[in-house]
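*Asks:* Model the structure of this input:
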Amino acid sequence: MQPIAQTPATRLVEVLVTDPLDTGAVPHVRALLDDAAALRPADLVVDLTACAYVDAAGIGVLLDVHRRVWSDGGRLTLRGLSPKVARTLELARVDRVLQVTEGSARPPAGSS
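*Replies:* Prediction:
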């Protein structure tokens, strides 16, 4: 996982998930996303470009964080889904609840 990057002017927080979002990763990912949600961003983007797959436990974490961000007036967006991850979310009908956008992570500030 990458550290949380916050853009104060837009209240955008981005989290890059670099491992499978499965039962084994849930405690770490939940803590990271809870920290991100605690910032009360207008937009929380979870970049899954490097995430190979998501299981039911991972979906649960995404839905929990979505509810928390939404209740604080923000929006959770998933970005960079592989076809496999997109299909998993579609089969679970989570794609009807969570906002999904194309693209992948932007390079860190200061990198060229």
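*Asks:* Confirm that residue 68 lies within a helix, as I assumed.
*Replies:* Yes. Under DSSP: H, G, I helix; E, B strand; the rest coil, residue 68 falls within a helix.
*Asks:* Could you report the pLDDT at it?
*Replies:* Predicted confidence (pLDDT) for residue 68: 96.
*Asks:* which residues does residue 65 contact?
*Replies:* Going by CB atoms under 8 Å, 6 or more residues apart in numbering, residue 65 touches 30, 33, 34, 36, 37, 44, 46, 76. Where you see a C-beta, it was placed from the backbone N, CA and C, and this is true even at glycine.
*Asks:* go with 6 Å
*Replies:* Shown in contact with residue 65 (CB atoms under 6 Å, 6 or more residues apart in numbering): 33, 37.
*Asks:* How about the helix or strand in which it is found, which residues are buried there?
*Replies:* Take DSSP states H and E as the rule and residue 65 turns out to sit in helix 56-71. By 16 or more other CB atoms under 10 Å, the buried positions in helix 56-71 come out as 57, 58, 59, 61, 62, 65, 66, 68, 69.
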